[in-house]
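Novice: show me the folded form of this:
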Amino acid sequence: MPRANIFNREFDTLKDTDSVADATRRMLLHRVSDLPVVDADGRFIGMFKLERLLAALLPAAALVGYGMPDLSFVSDDLDALCEKMRALDERPVAEFAEMPDQVVHPDDPPLEMVLQLYRGANNLPVVDRDDGRLVGVVSARDVLGVLRGKEKR
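Specialist: Below you'll find the predicted structure:
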């Protein structure tokens with residue numbers, strides 16, 4: 001099996017200057033919980049992850065150390081959360097992008113990619129070793145499609 005076939009070269013990316021509002025609309029459209037972020041030259045700078053966005057909605061005490069196990073005493077209702085979300089809408093996704101623990105390269109063995117997915121990666125960025133450009137994304141769904149012999153999109 002050719003190595004290039006295990007990852008998807010046609011994928012949605014965010015520019016570092018894209019807004020959080022645009023990013024969340026695209027996440028909903030594509031039914032994903034993270035999207036890769038690139039700079040103006042296409043170099044990978046990190047992943048925009050839903051969990052990082054959700055963290056911005058929580059009180060700081062919930063995020064420190066072990067965090068608070070119960071937030072029932074906080075009076076934020078759905079309207080308050082919506083207001084907090086709207087306050088983030090115009091911020092650039094670069095503020096939320098984080099480098100994932102796992103990054104793979106186009107020439108990595110397919111089994112290495114499978115191992116990284118097994119270890120918990122949702123979407124693995126495939127980054128060129130030489131110039132840092134994002135060349136693809138591999139997900140468990142992509143691997144399953146290849147292993148089941150289905151055509152790539």
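Novice: could you find the closest non-adjacent residue to the most centrally placed residue in the chain?
Specialist: Central residue of the chain (CA atoms, centre = their mean): Asp34, 2.6 Å from the mean position. Counting by CB to CB, 6 or more residues apart in numbering, Lys49 is the residue found nearest to Asp34 once chain neighbours are left out, at 4.4 Å. In short, each C-beta sits where N, CA and C put it, glycine included.
Novice: what do you get for Val126?
Specialist: Once flanking residues are discounted, Val126 sits nearest to Gly136: 3.7 Å by CB to CB, 6+ apart.
Novice: go ahead and confirm the one you found touches Asn8.
Specialist: Yes - using CB atoms under 8 Å, Gly136 is in contact with Asn8, at 5.8 Å.
Novice: which neighbours do the two share?
Specialist: Residues touching both Gly136 and Asn8 (CB atoms under 8 Å, 6 or more residues apart in numbering): none.
Novice: ok, the two, which is more surrounded?
Specialist: Using other CB atoms under 10 Å as the criterion, Gly136 and Asn8 rank with Gly136 on top: 21 against 18.
Novice: ranges for the helices of this protein?
Specialist: For the chain, applying DSSP state H gives helices covering 20-30, 50-57, 78-88, 110-118, 140-147.
Novice: and the last one, what does it pack against?
Specialist: What it means is helix 140-147. The contact analysis (3 or more CB pairs under 8 Å, 6 or more residues apart in numbering; DSSP states H and E) places helix 140-147 against helix 110-118.
Novice: how far does the helix it packs on sit from its chain's centre?
Specialist: In this view, helix 110-118 has its centroid 17 Å away from the chain centroid, taken as CA atoms, centre = their mean, to the nearest Å.
Novice: kindly report the same for stretch 94-109.
Specialist: Its chain's C-alpha centre and that of stretch 94-109 lie 9 Å apart, by CA atoms, centre = their mean.
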